[in-house]
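Asks: Got a predicted structure here, sequence first:
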Amino acid sequence: MWHNIWYALLGLLVAGYLALDGITIGTGIIGRWLARDARERHTVAAATGPFFLGNEVWLVAAAGITLGGFPGLESTVISGMYPVIVLAVAALLVREAAMQFRRRVAGARAQGRWNSAVQLACLVIALMWGALGGTLLGTLPVRGAEVHPSPGLLLSPVPVLSALTAVAVFALHAAVFLALRTEGPVAGRAAALARRLAPVAAGAGALTALASVLDGGARDGLLNPLAAAAVLAAALAAILVAPRMIPGGGWPAAAVSGFAALAPAVLIAAAHFPQAVVSSISADEHLSVARAAADPSTLSVVGPVVLLVLPILFAFQAMQWWAFRAKANDRSPAYF
């Protein structure tokens with residue numbers, strides 16, 4: 001029982017990270033195209049600044065759950081996908097530094113260099129998370145609870161298309177968020193960009209799904225094809241609907257685009273469960289959720305502590321979003 005509860009918590013944390021930090025990632029990608037002068041750049045920074053560090057807590061918590069609760073996943077996914085994860089973490093560190101420095105240097109040229117670093121880092125993060133999701137969606141060469149990836153695994157069609165889809169979806173999610181969170185010209189440009197990005201993101205997602213069906217290795221990873229198809233259909237619908245909801249105001253549009261951003265986590269779990277990782281070598285080599293989890297006695301002791309701490313984390317984050325619910329403009333405080 002405990003391993004399923006922990007697996008659900010891991011999925012919740014990963015999904016929360018994708019939906020929340022997806023805003024920051026997407027803003028880093030499109031922010032320079034939306035803001036035309038210093039005042040508008042301040043508006044964009046003020047829109048995402050209050051949530052920047054809090055959003056990353058979800059990733060830290062997910063990593064902790066993985067290391068403490070699922071040593072089997074750590075030895076397969078993290079070790080087997082080491083280059084992707086290292087690049088993603090390195091890009092996260094570059095983004096952290098660049099966002100700290102860009103408002104603390106004098107001169108437009110120096111600020112522009114740091115803004116370029118933020119944009120490049122966010123692009124790399126989106127590509128790496130997308131490639132990782134596309135790889136995990138299919139089968140992996142798992143033998144003895146260890147992954148032995150081929151050099152070209154990440155360059156196969158599904159991971160490449162998934163990486164490009166992630167860029168488009170994060171950009172769309174950020175555009176929807178900024179259209180709702182900002183005022184003036186930035187909000188108008190963000191809404192227009194969201195409408196242009198929606199068919200691109202939906203098309204990229206549909207193309208990734210088609211490649212998954214045509215590719216034998218990826219298709220074999222779909223142990224529950226109907227559940228996976230339902231999640232995919234909901235995600236594509238969310239991509240197309242979210243920009244149309246912007247004129248209504250409020251946060252429903254951002255919630256819908258956020259579902260599109262977190263959908264890969266739900267899709268992988270829906271496609272594989274009760275397996276955590278599907279082996280391309282043999283069904284006997286599949287890594288189930290129960291097999292990947294730590295010893296039941298460990299989970300039963302640590303689990304209640306985690307279940308007590310997480311509501312506090314969620315409540316604090318909800319309070320933060322409520323406190324900064326007002327629209328941002330060039331007079332709002334910008335923290336990064």
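Replies: Cool, got the structure. Numbers count the residues shown, from 1 in each chain.
Asks: could you pull out the strands for the stretch 201-336 of the chain?
Replies: 275-277, 287-288 (DSSP state E, counting those that start in this stretch).
Asks: Out of these, which gets the lowest mean score?
Replies: For the strands of the stretch 201-336 of the chain, the weakest mean pLDDT is recorded on strand 287-288, namely a mean of 80.
Asks: Quick one: closest of the strands of the stretch 201-336 of the chain to residue 309.
Replies: Ranking the strands of the stretch 201-336 of the chain by their distance to residue 309 (criterion: C-beta to C-beta) puts strand 275-277 first, at 23.4 Å. C-beta here means a position set from N, CA and C on the backbone, and glycine is covered the same way.
Asks: what does the closest one contact?
Replies: Residues from elsewhere that reach strand 275-277, judged by C-beta atoms under 8 Å, 6 or more residues apart in numbering: 7, 70, 72-73, 76-77, 136, 140, 142, 147, 223, 286-289, 291-292.
Asks: do the same with stretch 312-322
Replies: With contact meaning C-beta under 8 Å, 6+ apart, stretch 312-322 is reached by 20, 50-51, 54, 57, 61.
Asks: what's the closest of those residues to residue 105?
Replies: Using C-beta to C-beta, residue 50 is the member of those that sits closest to residue 105, with 21.7 Å.
Asks: And the closest one, how far from residue 243?
Replies: Applying C-beta to C-beta, to the nearest Å, one obtains 24 Å for the distance of residue 50 from residue 243.
Asks: Between those two, which is the more surrounded one?
Replies: residue 243 (25 against 18; other C-beta atoms under 10 Å).
Asks: Can you give me the distance of that one to residue 314?
Replies: The separation that residue 243 has from residue 314, given C-beta to C-beta, amounts to 28 Å.
Asks: Flag the shaky bits of this structure, pLDDT-wise.
Replies: Screening the chain residue by residue with the criterion pLDDT under 70, one finds the ranges 1, 145-146, 148-149, 151, 297, 299.
Asks: what packs against the longest helix along the chain?
Replies: Scanning the chain for the helix with the most residues, using DSSP state H, yields helix 2-34. Applying 3 or more C-beta pairs under 8 Å, 6 or more residues apart in numbering; DSSP states H and E, one finds that helix 2-34 makes contact with helix 38-48, helix 52-69, helix 108-137, helix 157-181, helix 185-214, helix 252-272, helix 289-292, helix 296-323.
Asks: so how far is it off the chain centroid?
Replies: Chain-centre distance of helix 2-34: 4 Å, with C-alpha atoms, centre = their mean, to the nearest Å.
Asks: the inter-axis angle of it versus helix 52-69?
Replies: 150 degrees (axes from the mean of the first three to the mean of the last three C-alpha atoms, to 10 degrees).
Asks: what's around the residue lying closest to residue 81 once chain neighbours are set aside, how many residues?
Replies: Nearest non-adjacent residue to residue 81, counting by C-beta to C-beta, 6 or more residues apart in numbering: residue 132, 5.8 Å away. The local packing count at residue 132 equals 23, with neighbours defined by other C-beta under 10 Å.
Asks: which residues does the closest residue to residue 245 other than its chain neighbours contact?
Replies: In space, residue 245 comes closest to residue 253 once its chain neighbours are excluded; the distance is 3.7 Å by C-beta to C-beta, 6+ apart. Residues touching residue 253, when contacts are defined by C-beta under 8 Å, 6+ apart, comprise 176, 179-180, 242-243, 245-246.
Asks: Just name the most buried of the helices and strands packed on helix 2-34.
Replies: helix 157-181 (a mean of 27; mean count of other C-beta atoms under 10 Å).
Asks: Which elements pack onto that one?
Replies: helix 2-34, helix 38-48, helix 108-137, helix 185-214, helix 225-245, helix 252-272.
Asks: Let's see that with 6 Å instead.
Replies: If you count contacts as 3 or more C-beta pairs under 6 Å, 6 or more residues apart in numbering; DSSP states H and E, helix 157-181 packs onto helix 2-34, helix 108-137, helix 185-214, helix 252-272.
Asks: roughly how far apart are residue 69 and residue 332?
Replies: Between residue 69 and residue 332 the computed distance is 39 Å (C-beta to C-beta).
Asks: The closest residue to residue 200 other than its chain neighbours and residue 57: what is the separation?
Replies: Distances taken as C-beta to C-beta, 6+ apart place residue 168 nearest to residue 200, at 5.3 Å, with adjacent residues excluded. From residue 168 over to residue 57 the distance is 26 Å, taken as C-beta to C-beta.
Asks: neighbours of residue 249, just the number please.
Replies: If you count neighbours by other C-beta under 10 Å, residue 249 ends up with 11.
Asks: Now it: phi and psi?
Replies: Comment: the main-chain dihedrals of residue 249 come out as phi 70, psi -170, following degrees, to the nearest 10.
Asks: Perfect, that will be all.
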